[in-house]
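**Q** With the input below, show me the fold.
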Amino acid sequence: MSIIQIVVSNGVVLGEISLVLACLIGFISWNVLSFSSRYMSGDRLRQQHLIGLSLLAIASMVFVIADHLFVLMGAWLACNLLLVKLMVHKREWRAAVESGRLAIRSLLIGFSFLTIGLLLLANSTGTTSLQVIAQTEMSTSWSLVLSLICIAIAAWVQGGIWPFHRWLLSSLNSPTPVSAMMHAGVVNGGGILLLRLAPILSGQSWLLPFLFLVGLVSAVLGTSWKLLQSDVKRMLACSTLGQMGFMMMQIGMGLFGPALSHLFWHSLFKAYLFLSSNSVLAERRNETARPIRSVQQGAGVILAGTCGAATFLLTSQLSIEIGTTSIVMVLLAWMTSAQAAVVLLCQRLTLRSFCSAAASGAFTGGLYGFSLYSVEIWVPSLRTITPEPMGVIYGIGVTLLFLLWLTMLLGGSELLERSTIGKRLYVSGMNASRSTAKTATSLRTAYKI
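**A** Numbering: from 1, shown residues only. Okay, here's the model as predicted:
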């Protein structure tokens with residue numbers, strides 16, 4: 001019996017996605033634990049905290065390699081229970097307790113939908129092996145429809161995706177290492193499950209556009225709310241909402257390889273941002289990008305974006321078809337490369353700045369493409385999944401995102417700030433992105449640390 005057969009027979013499987021994610025979790029967990037051992041120095045519950053983080057890392061590892069549905073559900077539940085325990089930390093702090101209560105209520109709702117969805121899948125296929133289920137060809141039936149809807153809802157709740165985002169934005173009372181593990185690991189659980197079920201989802205043209213729309217709303221709201229925040233942790237929480245939305249959009253377009261790449265790099269970057277958030281006050285404020293004001297600047301942005309798109313195509317080795325959603329990846333590479341060059345073009349316009357912008361765009365696009373190529377080399381099965389046809393819903397959604405980005409690039413936000421509707425949107429966004437009243441601490445004396 002081979003090693004793979006042995007681990008499968010014991011309820012886990014070391015598949016392509018599982019190995020990649022297990023390595024990711026191990027690396028992030030090691031860094032968070034190393035940071036936390038110093039960060040919690042002097043805390044009377046330090047030992048309990050470190051044990052809880054270690055158990056959360058183990059449960060997360062079991063979740064990504066689990067093959068038996070009951071093992072997977074048990075690991076999912078264990079992750080959530082351990083997360084809430086770590087979030088509260090000091091029960092004397094009332095706001096932290098309320099954050100934990102809101103989180104556990106939300107996450108248990110998600111777990112209930114997960115249980116229903118997976119049990120329906122097991123009943124339809126006659127097996128409890130996730131790997132076998134994912135490779136089983138199934139015709140559309142009410143049982144399959146209901147199971148996938150339940151699994152999608154569970155993924156939305158776990159990822160804090162709109163309209164289930166309230167628990168995520170109210171989790172800011174957590175110790176910083178816990179926030180790092182939460183935003184870099186636990187919230188990815190839903191996306192990970194959808195990626196492991198990619199062979200089934202790729203044939204469900206009725207579900208994928210719906211996933212795309214929910215992801216679009218989350219991406220727009222999270223990114224917009226992020227720009228309104230004045231404190232680092234709330235800004236990062238809104239950023240997670242937006243990034244989970246972008247990942248869900250990619251899954252909804254059938255771009256499972258890019259979605260895995262997005263999840264991978266977002267986890268690393270978000271862990272770094274949380275672990276370095278304490279040093280933000282000591283940092284010198286860097287120059288930020290200003291709106292494009294001249295034709296020359298616009299030409300430089302177009303040049304940088306074009307160079308980035310070209311190197312993206314060269315390094316990603318993606319098979320781009322005009323009639324499918326794969327073309328969206330080229331547009332995203334163009335936008336990312338153009339945005340990376342904006343700061344350079346906001347300075348004095350010279351031949352050197354134009355060349356620097358072009359080089360910056362080419363490097364950004366090439367790096368982005370290489371990251372996608374690397375992920376699909378590690379997980380070649382995702383490369384065989386065909387992207388969705390470029391339908392009306394996808395076209396409208398992507399166009400909306402591009403127009404919003406272009407408006408910000410051209411200084412539309414400044415005009416919006418001075419208008420009545422802009423002020424109303426600002427107040428509405430601030431109210432919508434705040435934590436619930438019970439999880440907020442208004443007076444310093446209410447902190448029980």
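
**Q** So residue 292: helix, strand or coil?
**A** Put simply, residue 292 is coil when judged by DSSP: H, G, I helix; E, B strand; the rest coil.

**Q** Who are the contact partners of it?
**A** Residues in contact with residue 292 (CB atoms under 8 Å, 6 or more residues apart in numbering) are 298, 301, 342, 345, 409, 410, 411. Using the backbone N, CA and C atoms, a C-beta is placed for each residue, glycine as well.

**Q** how about a cut-off of 6 Å?
**A** 298, 409, 410 (CB atoms under 6 Å, 6 or more residues apart in numbering).

**Q** same for the longest helix seen in the chain, what does it pack against?
**A** Ranked by residue count, the top helix of the chain under DSSP state H comes out as helix 94-125. Judged by 3 or more CB pairs under 6 Å, 6 or more residues apart in numbering; DSSP states H and E, helix 94-125 is in contact with helix 69-88, helix 142-158, helix 166-169.

**Q** residues in contact with the shortest one?
**A** Contacts of helix 166-169 with the rest of the structure, by CB under 6 Å, 6+ apart, involve 102, 103, 106, 160, 237, 435.

**Q** for that helix, the distance to its chain's centre please.
**A** Here the centre of helix 166-169 is set off from its chain's centre by 14 Å, with CA atoms, centre = their mean, to the nearest Å.

**Q** Low-confidence bits of this protein, can you list those?
**A** Filtered on pLDDT under 70, the chain yields the residue ranges 1-14, 279-291, 347-348, 442-449.

**Q** Now residue 26: closest residue in space, sequence neighbours ignored.
**A** residue 61 (7.0 Å; CB to CB, 6 or more residues apart in numbering).

**Q** Using the three-state scheme, assign that neighbour.
**A** helix.

**Q** any idea how far it lies from residue 302?
**A** 45 Å (CB to CB, to the nearest Å).

**Q** show me the residues around residue 310 that make contact.
**A** With CB under 6 Å, 6+ apart as the criterion, no residue contacts residue 310.

**Q** now swap in residue 105 and tell me
**A** Residue 105 touches nothing, counting by CB under 6 Å, 6+ apart.

**Q** can we see that at 8 Å?
**A** Contact partners of residue 105, counting by CB under 8 Å, 6+ apart, are residue 167.

**Q** Likewise for residue 251?
**A** Counting by CB under 8 Å, 6+ apart, residue 251 has contacts 191, 194, 195, 201, 208, 211, 215, 259.

**Q** With adjacent residues omitted, what lies nearest to it?
**A** Residue 251 sits nearest to residue 259 (CB to CB, 6+ apart), 4.9 Å away.

**Q** if I pick residue 255, what's in contact with it?
**A** 325, 326, 328, 329, 387.

**Q** re earlier: are any of the contacts of residue 292 buried, and which?
**A** residue 409 (16 or more other CB atoms under 10 Å).

**Q** want to throw the contacts of residue 292 into CSV with distance to residue 400 and secondary structure?
**A** Output for the contacts of residue 292, formatted as CSV (distance: CB to CB, whole Å; DSSP: H, G, I helix; E, B strand; the rest coil):
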residue, distance to residue 400, secondary structure
298, 21, helix
409, 15, helix
410, 16, coil
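
**Q** mind giving me a markdown table with the contacts of residue 292 and columns for distance to residue 306?
**A** Listed next are these as a markdown table, based on distance: CB to CB, whole Å:
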| residue | distance to residue 306 |
| --- | --- |
| 298 | 13 |
| 409 | 15 |
| 410 | 18 |
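
**Q** Residue 386 and residue 116, how far apart?
**A** 29 Å.

**Q** Comparing these two, which residue is more hemmed in?
**A** residue 116 (17 against 13; other CB atoms under 10 Å).

**Q** give the contact list for the more buried one.
**A** 146, 147, 150.

**Q** Hmm, the second one is touching residue 124, no?
**A** Yes: applying CB atoms under 8 Å, one finds residue 147 in contact with residue 124, separated by 6.9 Å.

**Q** More neighbours: those two, which one.
**A** Set residue 147 next to residue 124 and count neighbours by other CB under 10 Å: residue 147 wins out with 25 against 17.

**Q** which non-adjacent residue is nearest that one?
**A** residue 120 (3.6 Å).

**Q** Then residue 240?
**A** residue 183 is the one closest to residue 240 (CB to CB, 6+ apart), at 4.8 Å.

**Q** cool, and residue 440?
**A** The nearest residue in space to residue 440 (CB to CB, 6+ apart) is residue 95, at 6.3 Å.

**Q** Please report how far the one you found lies from residue 438.
**A** Residue 95 sits at a distance of 7 Å from residue 438 (criterion: CB to CB).

**Q** ok so, going back, which residues does the residue nearest to residue 147 contact?
**A** Counting by CB under 8 Å, 6+ apart, residue 120 has contacts 143, 144, 146, 147, 150.

**Q** hang on, the earlier thing: which one of the contacts of residue 292 is nearest residue 16?
**A** Of all the contacts of residue 292, residue 409 has the smallest distance to residue 16: 37.9 Å, by CB to CB.

**Q** From residue 335, how far out is the closest one?
**A** Counting by CB to CB, the gap from residue 409 to residue 335 is 9 Å.

**Q** you'd agree the residue nearest to residue 251 is up against residue 191?
**A** Yes: using CB under 8 Å, residue 259 is in contact with residue 191, at 6.9 Å.

**Q** Spit out the residues that contact these two alike.
**A** When CB under 8 Å, 6+ apart defines a contact, the residues bordering residue 259 and residue 191 alike are 247, 251.

**Q** what's the nearest residue to the residue nearest the centre of the chain if we skip its chain neighbours?
**A** The centroid of the chain falls nearest to residue 244 when counting by CA atoms, centre = their mean (3.2 Å). Leaving aside its chain neighbours, residue 244 sits nearest to residue 159 (4.2 Å; criterion: CB to CB, 6+ apart).

**Q** cool, and residue 129?
**A** residue 67 (5.5 Å).

**Q** Give me the neighbour count for residue 163.
**A** Neighbours of residue 163 under the rule other CB under 10 Å: 11.

**Q** Double-check that it belongs to a helix.
**A** No: per three-state DSSP, residue 163 lies outside any helix segment and is coil.

**Q** State the distance from it to residue 156.
**A** Per CB to CB, residue 163 is found 8 Å from residue 156.
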